[in-house]
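Undergrad: predicted model follows, preceded by the sequence.
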Amino acid sequence: MSRTIMLVEDEPIQAIVQQQILAQAGFEVVHATTGEDAVKQICHRETDVDLLLMDIDLGAGIDGTEAARRIQECSQVPILFLSSHTEPEYVERTQKIGSYGYVVKNSGDVVLIASINMAFRLHAALQTNQEQAAELIRTRTRLEELNYLMTQVIEQNPWSVAVFDRDMNFRYVSESFKQDFRAVDRELVGRNNYDVFPEIPQRWRDMHQRVLQGAVEASDDDVIEYPDGTIDRTQWECRPWYTPEREIGGIILYSGLLPDRPGDYTGTGTSLHYMADLRRYRAIEQEGLDIIYTVTAAGIFSYASPNISVTLGYSAEEVVGQKFTFLMHPDDLPILRAWWAEVENAGAIDRSAEYRVVAKDGRVRWHQLSGRLTDNPHEELIGICRDITELKETEESLRAVITERDTVFRELKHRTRNSLSVISSLLSLESIPDAQTSASDTIARARSRVRAILAIYEKLDLRSPGLTVALAGTLEDIAKKTIDVFRHDGQQIVLECDVPAMEVDSRTAATLGLIVNEAVTNSMKHAFGTGREGQVVLLGVNYPEALCLTIEDNGGTLDERGVTDAKSVSTTSELDNRGDAHGFGQQLISDLAAQLEGSVSFTDKTRDSGMTGYVVTVTVPHPPASDAR
């Protein structure tokens with residue numbers, strides 16, 4: 001399926017050539033002549049496009065950078081700038097917007113298409129990265145909410161919980177467990193259950209071994225006997241917990257104290273709703289993306305969630321009791337130590353730490369750690385760790401794409417500016433095969449158009465913005481040079497020029513110059529092409545609101561020339577183009593006039609006044625006398 005590109009270009013000649021290049025590369029092309037039109041089509045969903053190819057200078061309305069900024073507020077379509085400007089300030093303007101590249105006009109078809117394809121790849125990579133980052137945030141948020149919820153369920157309900165490994169060492173205990181078993185001031189995690197409570201009867205020890213073999217056992221009414229001779233009554237349930245490999249990793253004990261007298265007990269036995277919540281919490285702990293661990297004040301792992309084995313290959317048992325540095329990449333130890341120092345000073349910080357760790361098989365992984373201090377003086381830090389290796393690899397891929405884009409841009413900086421791009425576009429138009437046009441005629445028309453552009457630039461230093469052009473002398477010079485190109489040996493063609501003295505900006509001068517060139521070319525080809533002598537009159541009238549420019553000859557009638565009926569037009573779509581040379585000239589003149597928001601008419605003097613000849617009249621609003629944009 002082909003992709004659709006919106007070309008935002010106000011220069012009609014360049015737009016025609018660029019559309020041909022894009023179409024030959026297999027793209028569908030939609031053309032917008034102004035920034036306002038592009039914003040309207042994209043933001044109002046009038047046109048569905050895959051990429052914007054945006055010029056910067058777009059006439060009197062908003063420029064390309066402002067149009068791109070407005071489009072980015074309503075759409076994520078990638079934008080690639082295509083401009084003749086190589087000045088740093090123009091490039092910086094596009095970079096602030098966040099474009100997908102900057103191509104200098106006339107850099108060649110290969111460079112343009114390669115830049116477009118690179119923009120598509122960069123956009124796809126950024127979309128993937130954004131989706132992954134959003135999913136990571138959503139997952140972390142859900143896990144944090146569940147972690148907080150399960151912690152509250154465990155700590156705030158009247159039932160106590162203790163988790164043991166296969167050797168009956170404490171892995172986790174709730175505060176209520178410490179209170180129920182008279183161990184509030186004792187460190188339990190990491191210690192052996194039978195060392196902490198040597199008074200545990202043999203029947204319970206035997207029960208523990210049966211649970212480690214897969215049994216689930218419970219009691220609705222049991223007795224705890226302490227060394228001082230006192231007793232507590234309790235109900236409990238003991239069941240195994242499993243590793244991700246579905247092996248028994250230890251046991252979980254759920255318990256709660258009962259009233260001293262059995263008759264006072266109104267509980268519900270072991271059918272407790274919180275047990276299901278605890279099982280869900282443990283499933284999250286074992287199968288979630290984040291690794292949860294605690295570290296003592298001495299820097300020793302006192303707990304690690306079972307899912308640590310998924311990314312690092314170490315079991316939780318292999319990690320607990322080790323210094324936290326044994327997993328660290330040696331080059332990143334200063335990063336984690338500096339982060340830990342900040343946490344110790346503040347208790348908790350918003351900034352996470354990113355560092356490398358070394359897995360059991362020697363692979364290097366990237367981790368992101370966030371955490372806070374605990375109230376337990378022996379267990380200083382509780383941390384949540386996320387493996388971000390794939391995210392880092394994606395970032396590296398994006399950097400490579402951006403570097404490649406920057407390299408291409410540096411190679412384009414030495415390319416020619418917009419003047420040469422216009423000349424190239426004119427030559428491209430003449431390269432279109434036409435069985436009715438000879439090679440010499442094609443070359444002559446191309447020479448006349450190039451001379452028209454050169455006549456503008458001979459009177460203007462394009463490196464200095466704000467300079468103007470004297471319109472009268474410029475148009476007269478263009479008309480003379482065009483006549484010289486097509487004049488037969490010994491042929492007398494008189495040029496009369498009466499254009500008011502006025503200064504206009506270079507863009508307007510170039511457009512009016514091309515109109516004069518095309519009109520005089522048509523006169524020389526169709527009125528005086530047989531060698532007859534005649535006259536060309538170039539007349540300008542400066543009205544209060546507009547400039548009216550007339551190019552007139554005293555050659556044959558329109559029927560003799562074989563051209564379309566004379567009529568007034570303002571856009572290309574209104575012109576009946578029959579495909580001949582004169583018809584194409586009419587189309588080009590009409591497009592150029594429309595670029596200046598003007599109108600044009602083609603008049604047969606034979607029909608209107610009985611005289612022979614042909615008149616082109618162009619009316620445009622007063623052009624600005626400044627080239628600064």
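TA: Sure thing, it's come through. Residues are numbered from 1 along each chain as shown.
Undergrad: how far away from the center of its chain is stretch 328-338?
TA: 33 Å (C-alpha atoms, centre = their mean, to the nearest Å).
Undergrad: now swap in stretch 233-249 and tell me
TA: Using C-alpha atoms, centre = their mean, the offset of stretch 233-249 from its chain centre is 49 Å.
Undergrad: ok, now stretch 542-560?
TA: On C-alpha atoms, centre = their mean, the centre of stretch 542-560 falls 50 Å from that of its chain.
Undergrad: report the mean confidence score over it.
TA: Stretch 542-560 carries an average pLDDT of 82.
Undergrad: could you list the alpha-carbon positions for that stretch in PDB?
TA: Extracted in PDB, the C-alpha atoms of stretch 542-560 (Å, rounded to 0.1, in the frame of the first residue of the first chain):
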ATOM      1  CA  ASN A 542       0.200  51.600 -10.900                       C
ATOM      2  CA  TYR A 543      -3.400  51.900  -9.500                       C
ATOM      3  CA  PRO A 544      -4.000  52.700  -5.800                       C
ATOM      4  CA  GLU A 545      -4.800  49.100  -4.900                       C
ATOM      5  CA  ALA A 546      -3.100  47.100  -7.600                       C
ATOM      6  CA  LEU A 547      -0.500  46.900 -10.400                       C
ATOM      7  CA  CYS A 548      -1.700  46.200 -13.900                       C
ATOM      8  CA  LEU A 549       0.900  44.800 -16.300                       C
ATOM      9  CA  THR A 550       0.200  44.400 -20.000                       C
ATOM     10  CA  ILE A 551       2.300  42.500 -22.600                       C
ATOM     11  CA  GLU A 552       1.100  43.100 -26.100                       C
ATOM     12  CA  ASP A 553       2.200  42.300 -29.700                       C
ATOM     13  CA  ASN A 554       0.900  43.200 -33.200                       C
ATOM     14  CA  GLY A 555       1.200  39.600 -34.600                       C
ATOM     15  CA  GLY A 556      -1.500  37.400 -36.000                       C
ATOM     16  CA  THR A 557      -4.900  36.500 -34.600                       C
ATOM     17  CA  LEU A 558      -5.500  33.800 -32.000                       C
ATOM     18  CA  ASP A 559      -7.000  31.500 -34.700                       C
ATOM     19  CA  GLU A 560      -3.800  31.900 -36.700                       C
END
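Undergrad: which intervals of the stretch 201-350 of the chain have sub-threshold pLDDT?
TA: 259-288, 347-350 (pLDDT under 70).
Undergrad: would you map the helices across it?
TA: For the stretch 201-350 of the chain, applying DSSP state H, counting those that start in this stretch gives helices covering 202-212, 273-287, 308-312, 316-319, 333-346.
Undergrad: give the partner strands of the single longest strand found in the chain in its sheet and their orientations.
TA: Assignment by DSSP state E gives strand 231-242 as the longest strand of the chain. With DSSP bridges as the test, strand 231-242 is paired with strand 217-225 (antiparallel), strand 248-257 (antiparallel).
Undergrad: let's have these in TSV, adding mean neighbour count and distance to Gln127.
TA: Where you see a C-beta, it was placed from the backbone N, CA and C, and this is true even at glycine. Converted to TSV, the strands paired with strand 231-242 look like this (neighbours: other C-beta atoms under 10 Å; distance: least, C-beta to C-beta, whole Å):
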stretch	mean neighbour count	distance to Gln127
strand 217-225	15	53
strand 248-257	20	40
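Undergrad: now the helices for the stretch 401-550 of the chain?
TA: Under DSSP H, counting those that start in this stretch, the stretch 401-550 of the chain gives helices at 418-430, 439-457, 471-486, 506-522.
Undergrad: comparing those helices, which yields the minimum mean pLDDT?
TA: helix 418-430 (a mean of 55).
Undergrad: pLDDT of stretch 43-52, averaged?
TA: What stretch 43-52 shows for mean pLDDT is 88.
Undergrad: tell me the buried residues in it?
TA: Across stretch 43-52, burial judged by 16 or more other C-beta atoms under 10 Å covers Val49, Asp50, Leu51, Leu52.
Undergrad: with stretch 393-400 instead?
TA: Thr394.
Undergrad: so what touches it?
TA: Leu122, Ala125, Leu126, Thr128, Asn129, Gln132 (C-beta atoms under 8 Å, 6 or more residues apart in numbering).
Undergrad: make it 10 Å
TA: Here stretch 393-400 makes contact (C-beta atoms under 10 Å, 6 or more residues apart in numbering) with Arg121, Leu122, Ala125, Leu126, Thr128, Asn129, Gln132, Ala133, Trp366, Ile388.
Undergrad: which pair of those residues spans the longest distance?
TA: Spatial extent of the contacts of stretch 393-400 (C-beta to C-beta) is set by the pair Arg121 and Trp366 at 23.8 Å.
Undergrad: these two: which has the busier surroundings?
TA: Trp366 (19 against 14; other C-beta atoms under 10 Å).
Undergrad: surely that one is within a strand?
TA: Yes - counting by DSSP: H, G, I helix; E, B strand; the rest coil, Trp366 is found in a strand.
Undergrad: might one say that it is in contact with Ala359?
TA: No - using C-beta atoms under 10 Å, Trp366 is not in contact with Ala359, being 11.3 Å away.
Undergrad: what do the two both touch?
TA: Asp387, Thr389.
Undergrad: show me this structure divided up by domain.
TA: Domain ranges of the chain: 4-129+394-412, 138-392, 433-621, per automatic domain parsing.
Undergrad: any idea how far the second one is from the middle of the chain?
TA: On the basis of C-alpha atoms, centre = their mean, domain 138-392 sits 43 Å off its chain's mean C-alpha point.
Undergrad: end to end, how far does it reach?
TA: Taking C-alpha to C-alpha, to the nearest Å, the first and last residues of domain 138-392 lie 18 Å apart.
Undergrad: for the stretch 101-250 of the chain, which segments count as strands?
TA: Assigned by DSSP state E, counting those that start in this stretch, the strands in the stretch 101-250 of the chain fall at 102-104, 160-165, 170-173, 217-225, 231-242, 248-257.
Undergrad: how near is Ala125 to Asn117?
TA: 13 Å (C-beta to C-beta, to the nearest Å).
Undergrad: and these two? which has more neighbours close in?
TA: For the pair Ala125 and Asn117, the greater number of neighbours falls to Ala125 (17 against 13), based on other C-beta under 10 Å.
Undergrad: before we move on, what SS does the closest residue to the more buried one other than its chain neighbours have?
TA: Nearest residue to Ala125, sequence neighbours excluded (C-beta to C-beta, 6 or more residues apart in numbering): Leu398, at 5.6 Å. Secondary structure, three-state DSSP: Leu398 is helix.
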